[in-house]
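Enquirer: one predicted model, sequence on top.
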Amino acid sequence: MATKISKRMKQARKDFDIEKIYTLDDALQSVADFPKVKFDEAVELHLHLNIDPKNSDQMVRGTVTLPHGSGRTVRIAAFCKGEMEHKAKEAGADFVGHKELIEKVSKGFLDFDVVVATPDMMRDLSKLGKVLGPRGLMPTPKAGTVSQDLEKAISEIKSGKVEFKADKQSGIHISFGKRSFSKDQLLVNAQHLIDAINHVKPNSVKGNLIKSVHVTTTMGPGLKVAI
């Protein structure tokens with residue numbers, strides 16, 4: 001069965017050459033001219049990497065703080081106990097707790113976008129591996145989401161820190177701002193993100209890490225960007 005294409009998408013494909021290779025600057029300028037929708041769309045980067053995701057030494061994963069933030073309202077669940085609970089709440093965590101929060105999540109509560117935890121909570125959090133793991137929510141030291149300093153971790157996430165990770169198809173798909181951002185804000189965020197991904201290029205990868213880049217919005221067409 002053929003996929004139905006909306007009138008807005010048909011117009012976008014008519015107005016923008018999806019076969020053309022744009023500079024990043026031109027692509028982001030074009031994003032501003034995409035047909036409007038009723039909400040503030042995310043602006044996204046879709047990258048295909050020169051890696052073999054089956055090789056453990058070619059995993060690409062890291063974090064970067066976007067200079068102009070992500071534009072998202074990020075809901076954080078903080079797993080901690082004692083005095084740290086108060087500190088996590090003060091730092092801006094939306095949901096805080098230990099045993100009772102673990103039980104709540106195990107029963108299906110998932111109204112959060114990021115999970116942070118203190119190291120002493122990781123053994124208990126292992127019970128939620130099947131719930132959090134498939135959704136990419138399991139906290140890890142590498143992503144800075146397992147930390148004794150939860151205040152700092154929460155503050156960084158709220159101010160625009162995002163995590164990127166290659167999937168099983170060697171792709172990274174990540175938003176780096178909103179259509180309401182200026183082109184210059186989006187350009188700086190995108191460049192920081194691409195630089196951060198290149199910075200964690202595995203030693204075993206020969207040549208360029210990034211094979212292709214596309215820029216799009218939540219509801220827009222993809223524009224190919226020159227690497």
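Expert: Looks like it came in fine. Residues are numbered from 1 along each chain as shown.
Enquirer: give the contact list for the residue positioned nearest the centre of the chain.
Expert: Centroid-nearest residue in the chain: residue 174, 4.4 Å away (criterion: Cα atoms, centre = their mean). With contact set as Cβ atoms under 8 Å, 6 or more residues apart in numbering, residue 174 has these partners: 44-45, 162, 164, 193. Every residue, glycine included, has its C-beta placed from N, CA and C.
Enquirer: show me this structure divided up by domain.
Expert: 7-70+161-225, 76-158 (automatic domain parsing).
Enquirer: thinking again about what came up before, mind putting the contacts of residue 174 into CSV with neighbour count, distance to residue 87 and secondary structure?
Expert: Shown next, in CSV, are these (neighbours: other Cβ atoms under 10 Å; distance: Cβ to Cβ, whole Å; DSSP: H, G, I helix; E, B strand; the rest coil):
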residue, neighbour count, distance to residue 87, secondary structure
44, 19, 33, strand
45, 23, 34, strand
162, 23, 23, strand
164, 20, 28, strand
193, 21, 30, helix
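Enquirer: nearest to residue 224, out of these: which one, please.
Expert: residue 45 (11.8 Å; Cβ to Cβ).
Enquirer: let's have the domains of the chain in JSON lines, adding mean pLDDT.
Expert: Formatted as JSON lines, the domains of the chain follow (pLDDT from 0 to 100):
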{"stretch": "domain 7-70+161-225", "mean pLDDT": "91"}
{"stretch": "domain 76-158", "mean pLDDT": "95"}
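Enquirer: give me the nearest residue to residue 62, chain neighbours excluded.
Expert: Once flanking residues are discounted, residue 62 sits nearest to residue 200: 4.6 Å by Cβ to Cβ, 6 or more residues apart in numbering.
Enquirer: ok so, going back, what's opposite the residue nearest to the centre of the chain in the beta bridge?
Expert: Beta-bridge partners for residue 174, by DSSP bridges, are residue 45.
Enquirer: distance of it from residue 161?
Expert: From residue 174 over to residue 161 the distance is 12 Å, taken as Cβ to Cβ, to the nearest Å.
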